[in-house]
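>>> for reference, the sequence and a predicted model appear below.
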Amino acid sequence: MARPWSSQSPQQQLLATLEGRNCPRCTAGKLVRSTYKGNEAVVCDSCNTPQAQVWDTA
Ligand SMILES: [Zn+2]
């Protein structure tokens with residue numbers, strides 16, 4: 001759904017918030033923006049565990 005007043009959905013803001021944090025699953029990893037199963041997501045760059053993802057609800 002188009003939101004002309006805001007280019008970011010709440011889910012995308014969540015991804016932006018999580019990006020750059022340390023991975024809660026491993027000590028070496030850091031969360032980076034990526035895609036998971038075709039969705040926008042934040043995943044650990046070490047263990048590849050997705051921490052959040054945005055589903056297209058349209
Ligand atoms: Zn990790």
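Sure thing, it's come through. Numbering: from 1, shown residues only.

>>> residues from this protein in reach of the ion?
Cys23, Arg25, Cys26, Gly29, Cys44, Ser46, Cys47 (CB under 5 Å from the ion). No exception for glycine: its C-beta is placed from N, CA and C like everyone else's.

>>> so the first one makes contact with Val32?
It refers to Cys23. No. Judged on CB atoms under 8 Å, Cys23 makes no contact with Val32 at a distance of 9.8 Å.

>>> which neighbours do the two share?
The contact sets of Cys23 and Val32 overlap at Cys44 (CB atoms under 8 Å, 6 or more residues apart in numbering).

>>> so between the two, which is more surrounded?
Neighbour count, other CB atoms under 10 Å: between Cys23 and Val32, Cys23 has more, with 20 against 16.

>>> find the nearest non-adjacent residue to that one, please.
Gly29 (3.4 Å; CB to CB, 6 or more residues apart in numbering).

>>> report how many residues lie close to the one you found.
If we define neighbours as other CB under 10 Å, then Gly29 has 19 of them.

>>> in this structure, which spans are helices?
10-18 (DSSP state H).

>>> where in it is pLDDT low?
Scanning the chain for pLDDT under 70 picks out the ranges 1-6, 56-58.

>>> which residue ranges of it form strands?
31-36, 39-44, 50-54 (DSSP state E).

>>> what bridges to the closest residue to Asp45 other than its chain neighbours?
Closest residue to Asp45 apart from its sequence neighbours, by CB to CB, 6+ apart: Val32 at 4.8 Å. Assessed by DSSP bridges, Val32 has beta-bridge partners Val43.
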